[in-house]
Structures are given as C-alpha cells and as structure tokens.
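Peer 1: build the 3D model from these lines:
(chains A, B and C)
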Amino acid sequence: MSTAQEAPTSHYVPKSQRVLACILCQQRKVKCDRKFPCANCVKSRAQCVPATLLPRRPRRKIPERDLYDRLRKYEDLLRQNNIKFETDDHALLEDDRPINDEHVNNSEEVDEPSPATTVKSSASTNAKNFWHAMRERYPGSDNDSGTSHEEATEATILGAWDQLFSNDDHLIFGARQTTVDLSSLHPEPAQIFKYWQVFLDNVNPLFRVVHTPTMQARVIEAIGDLKSMSPAFEALMFSIYCIAVVSILAEDFTAHFGAAKLGQNELVAKYQFGCQQALLNCGFLRSSDRDCLTALFLYLISVSMSTDPRSLSSMLGLAIRIAQRMRIDTESACAEHGVFEGEMRRRLWWALVHLDTRVGQLADYKPQTFTPIWDTRLPLNVNDADLRPDMKEPPAVHPYPTEAIYIVVRGFVADFIMNTSLHLDFVAPRLKPIAKASQQSLEPGKGELDALENMVEEKFLRYCSEENPLQFLTIWETRGFLTKVRLLENYINPSSLPRNEASLDKGVLYASQMLQIDTRIMASPLTKPFHWTSPYNFPFPAYIALANELRRQPFRDDAQQIWEVMSDNCDIRLITTFKSKSAFFTLFSKVIMLAWWARQKSGQADDMPEPRIVSKMKQAMEASGEDTLPLIEPKDGLGLEDPMTGFGSDQYAQQSAPQYPMPGQMTFNMDMNFGWPAVDWGVAQSNAWPGGQFL
DNA sequence: AAAGTCGGACTTTCAACAGG
DNA sequence: CTGTTGAAAGTCCGACTTTC
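Peer 2: Numbers count the residues shown, from 1 in each chain, chains lettered A, B, ... in the order given. Below is the predicted model:
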C-alpha cells in the first residue's frame, strides 16, 4: 500500500487522502504507480482517471432470530443424518425470540432502509392514496398486513397494464430499432472514462442528479461487460455521453478527443440516438426507475441547445409528468425511499423544476411546476461522500459550501421566489394563501427581494470562496440573478409607479450591474467548465434596458460608460453565445444598432469613438450580408420617449410596440418585427414574471 | 512476443464491538 | 479510551487469452 498523497481529484475528496490505483489499472488488475497519468496509461495512451474511494458499507448484521433459525435447520439436518453434535440446548431449544423482534426473515433485506424509521410523513400535506383509503374503508378484508396488501393490489394492477399495453413506447421516439445493437454504440472503455470525467467536471456540479461514488463503481463494472447492463442504466450511460460531448466547447473538442473519426455534432447525434433507443428499451414512458428519468433529464438538456424551446417544453412536460407519477414531487414519498434514494429524488425533482421553468420562459409558457403546489424539500448541503445507499440517518448538513452548494443556493432562491406574492401575483394569485406565511408578511417586491438577498448572502455566499470554480459561479450567478430580478421588478412592479427618472436610472444601474456580473462570470477561467450553459444565461433584458435608455437619452452623462459596459460583455459573449448568423443575433444586433443610430442621427457634435460593440455588430452583420441600418426607421425623429415611462407619445413607439395588459404597461420600446418567437424578455411579451430564469 | 484479461490470494482499512 | 475483530475494499501476481 502506498503512502498517502494528495488526492488528485477535486470532485470527490474522501475523508482519507489515500491514493488509489487509477481506474484503468483497477480494471485491468495491474500494478499502478499512482502518478497521474500513470505509467500504464501513458504507455497505452489512455486517459488516466484517478479512482475515488467507495463509501464503506456498514457490516452486514444477521439478525439473531435468523441465526437461530438457520442453526435449527442445520441441526435438524445433522439429526436426520445421525451425525452427533454438541448443542447449547438452553440457548436454542427455548423459543426465546425477543417479543419486539421485527427483523425480516430474509437476511439479504437487512440493509434496506426501513420506511418506518425514515418516513416522517406529514398527514396534513400528504395526498391520499386510493388503495390506502380502500383499506381503511373496508378493514379486515384479508389477513395480510395493510401496506403489503396495498402494494400487492397496486402491483397487480400495474402488472395488468404491462400485459394489456405491451409496447407503447414508440409514442415519442418512434419504433425501437431492433436491428441496432446498442452495445456497439458505446464508446471505447477509455473514452467512457473520459466522458465520465468530463461529465464530472462540466455537468454534474450544476445538477448533482448523479451520485458520483456509486455511479463511478457502476461505470467501472459496466465497462467490463457492456452487453449486460440494465436498460435503465444503459440509458443513463448514453445520456452521460450525450451531455458530456455537448458540454465540451467546440474549440476544446479536438484537444479532448484529438482528430476523432466523428465530429462533435456527429458524435452528439450518435449518442442521442443511442440514448433514445436505450430509453425505449427501458420503457421510459411508464418506467418508475430513477436512472431512467435521470437519463431522460440529461438527454433533454443535451438536446436543449438545438431544440425549439416550445418543443423542448413539451418534452419536459412529459418528464415532469413521469416524475409526478413517481411522486418525487411529494416529500413524504421521497422520504419513503430512505435517506439516499430520497435525497437523489429531491435533487432530480429540483433539477427538473429549474429546467422546466427556464425553458418555459423561453417558450412563453408559465409552468405550474414553479408554484408552491408541491412539497419536495430542498436538497441538502452535503457532499456525495456523505450520502451512502445504506444509510439510515440523514447526513449532517455542512455549514460550509459543499459539492452541492450550487444546487442548494439555486434551490433556496427558487423556493423563496416561488412563495413571494410578487411571483404569485403573476402566475397564480389564487395560490397566495398556501405560499409560505413567513414571506407573506414582507412588502411585495422590494421588501421581499431585500430579505432574500440578505438571507442568501448571510446563509451561503459569505462562506463561498472566489477561488473555487463552483463557489465562484454560485456567488456571481446568484448575485446576477437577483440583479436581474430587481431590474425586471423595477419595470413591472405596480408599486414603483409612476415611473420617473429615478426609477429609470435605477433600471440603468441594475442593467449595468447585470452585464458587469455576467462579464465577470464569463471572463473568469474558473467558470470555463460551465460555459456550455452560457447561452441560457445571456443577459438580454439588460441589453434591452440599456439600449432603450440610450435611445431615449443618447447623450446622457453616463452614455460612454454604458457603451463600455455593453462592449466589455459583448467582447466575451459574441464568441460564446452566437455561433453563427441566427435569428437571435439579428434581433440582438438590431437592438444595439438602433441605440447607436439614435445617437448618430441626433445631429449633436459627438467626440465619443464608435463603441466596440457597434463595430463588432457591423462586422458580423456585414460578414453575413445584412444591412447595418435599423430595420424600421422612425418617421419623425426618433422613438425617444419610452412608453413604459409614460412620458410623451411617440408615434413610432405607438405604432410598433405591442399593447399588453401589463402592470405598469411595461413594454420595451423596440419594434417587434424581427420574427423572434418568444425571447428571454418574457416580461415584455408574456406578462410573465421571470423568477425562474435561473438555470 | 507483446498486450490484455481476470481468478483469486493477499493486504489494508475501518466500523463495530469488548473490555477496562 | 484502547485494543480486537472481521467484513469490505482495494491490490496485483501470474496464468491464461488475444492481438499483432
């Protein structure tokens, strides 16, 4: 055994710092020199993946009663065969089983968490179960114990469905292609480790729907025999390949995978096809397997960047419905599955809610998932190493940031927003009575946001380190999100009426802050692993707010600063967000060009150099053959007065800005003729509160 | 012949327990 | 608290198979 060295991986730091043989050496059962990369991996040009220590299972205890039963059985066998033996009759002949010995007979089941000890179901919040109700209505209808009878009845019915509807999986992904040998679609073992590592680096920190230590063990086991993994696990593996490839930035792809036979897009398509087939294999529409739903979730994220948000939202509805059938939206149902499984279910539910909400915003749909009609509690602030499949007691929650800090803070913020009257006024006013009472006493809007901001800073962010990539992301994404909420609240909250210069200046302040925070996140090398999600977080509302203000007051004192802030952000965003000529880019560039055009056409002397963002827009538009002039030219001067201010009545604005029955009549003063279906300015278009826009 | 696979003996670790 | 126990986790030898 080698001496302890520093653990080489940052994902999962076990208590012990011992260094294990790398995964490939473990797999090959050969000596590993424990350098990373190790000699064997260097020799075979394989990706050297450090192994992580598996959480130790507690020793299996065979219940006393079971031991006695077995002993009796063997003694009987000895007697039957006339073999003499000595026995402590006193101990064995008496049936001295403890009165309260409720151990199950099957010793294999001893390690299973006992629902009775782990469930603290709240009667008031627990939805009734039909089978349970039947049992209560007609007691004594059988000799079986209550729960098992209900389960048996339920299982019988479900089994009957299985037989009645043998194959309905083609509903979504088409018919299962029986000619496809899925095992041939898996990557090479060394590549599988690579994808796994990429997944751990780029994806899992943001969702934590995969438990690293147990999954790693399963991955190693599966690689040994790709043909015999369970269908649900195979779907999960494929979804990990999908999302891993998607999460690698295009410019890094060659560095990761060399000159592969297939390009990145082809590779994604291959694994997405494999994932679809694997999902069909496990009957994902009717499955209640968490691996299966996790696979569907990761698959949907992997297609999200290349799918119309409306289609994606529909597919997510499917996933949400499956999750609801599995009752992972119900705390007591999660708790029934024990500490480990329950926690993983909570993480999955929250991940689904976040994605559904975000995609719903893009698709101009208000998902009901982002309302307090379910009660799955927040994920715990614990490391994966603290969670073990066999644990009976919940792990101690850390006061300091753990691997789960991102999902914990995101969940905390979402949970708060979901219960604010500001949010419920927009999405479901009738739910206000069931929202958390503690938040109802706060003043809608500002009071609520102040309280949230203070709590988040006090409870989480002040413990986070800017040196740690995930914690850095957590700090700034949370602050950025809260600034975004303030920006939008500033425009839509009726209480801030009448609009005046002060409120508009606040809008400019919030929008500038939002862009600066986004620039900070995007510019930091620490967040690079997570840049693949950046298109989702494009600070479009900030650009719109600033551009509108610059159109209204092209020569305001801080105009140059505002252009600078936008240019700084654009320097980074232009590369990371806009891949090519797209409808979104067209829209975005028009917004910016209109603002610049307003200044140019004013006739005032202007010594401010052309902002970088404008130069870049022009270059990009010229390169794609687009006209750099605004699409619609105002007839009489410029649309300087913004309808959301209530100042003046600009002909251009009145003609082009759509009328929405909004609090504060908030519309952004820009023409809406760019053909962009339902963009992230949800506020302007859909009367939606953007609380959930926090992927 | 070199490289890869894997049965299984062996070592290490550490939770659980016993005893002071 | 310390020492002991023993199950589980981890290691890797060496026989065997596959590949080039």
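Peer 1: in contact with A:Ala217, which residues?
Peer 2: Applying C-beta atoms under 8 Å, 6 or more residues apart in numbering, we find A:Ala217 in contact with A:Leu54. For glycine as for every other residue, the C-beta is placed from the backbone atoms N, C-alpha and C.
Peer 1: in terms of helices and strands, where is it?
Peer 2: A:Ala217 belongs to helix A:212-224 when elements are defined using DSSP states H and E.
Peer 1: pLDDT weak spots in the stretch 551-695 of chain A?
Peer 2: A:575-582, A:624-695 (pLDDT under 70).
Peer 1: mind redoing it with 80?
Peer 2: Counting by pLDDT under 80, the stretch 551-695 of chain A shows low-confidence ranges at A:574-587, A:602-606, A:620-695.
Peer 1: what about A:Ile572, how many residues close to it?
Peer 2: When neighbours are counted by other C-beta atoms under 10 Å, A:Ile572 registers 17.
Peer 1: give the lowest-confidence helix or strand of chain A, using mean pLDDT as the measure.
Peer 2: Lowest mean confidence among the helices and strands of chain A (mean pLDDT, DSSP states H and E): helix A:651-656, at a mean of 29.
Peer 1: any part of the helix holding A:Ala217 near DNA strand B?
Peer 2: Yes: residues of helix A:212-224 contacting DNA strand B under C-beta under 7 Å from any atom of the strand: A:Gly224.
Peer 1: mind checking the pLDDT average for that helix?
Peer 2: Mean pLDDT, helix A:212-224: 83.
Peer 1: how much space between the spatially closest residue to A:Trp476 that is not a sequence neighbour and DNA strand B?
Peer 2: Leaving aside its sequence neighbours, A:Trp476 sits nearest to A:Ile521 (C-beta to C-beta, 6 or more residues apart in numbering; 4.8 Å). Using C-beta to the nearest atom of the strand, to the nearest Å, one obtains 37 Å as the distance from A:Ile521 to DNA strand B.
Peer 1: can you check A:Phe193 too?
Peer 2: Separation of A:Phe193 from DNA strand B (C-beta to the nearest atom of the strand): 13 Å.
Peer 1: next one: A:Asn202
Peer 2: Distance of A:Asn202 to DNA strand B, given as C-beta to the nearest atom of the strand: 27 Å.
Peer 1: mind checking pLDDT for that residue?
Peer 2: Looking at A:Asn202, its pLDDT is 93.
Peer 1: give me the neighbour count for it.
Peer 2: 21.
Peer 1: excluding chain neighbours, what is closest to it?
Peer 2: Nearest residue to A:Asn202, sequence neighbours excluded (C-beta to C-beta, 6+ apart): A:Ser247, at 3.8 Å.
Peer 1: repeat that for A:Asn281.
Peer 2: In space, and not counting its chain neighbours, A:Asn281 is closest to A:Pro231: 4.1 Å by C-beta to C-beta, 6+ apart.
Peer 1: that neighbour and A:Cys282 touch, don't they?
Peer 2: Yes: using C-beta atoms under 8 Å, A:Pro231 is in contact with A:Cys282, at 3.6 Å.
Peer 1: anything in contact with each of these two?
Peer 2: A:Cys292.
Peer 1: for A:Glu466, pull up the helix or strand it's in.
Peer 2: Of the helices and strands defined by DSSP H and E, none includes A:Glu466.
Peer 1: residues contacting it?
Peer 2: The contact partners of A:Glu466, taken as C-beta under 8 Å, 6+ apart, are A:472, A:475.
Peer 1: gap between it and A:Arg520?
Peer 2: Separation of A:Glu466 from A:Arg520 (C-beta to C-beta, to the nearest Å): 10 Å.
Peer 1: swap in A:Ala583?
Peer 2: Distance, A:Ala583 to A:Arg520, using C-beta to C-beta: 28 Å.
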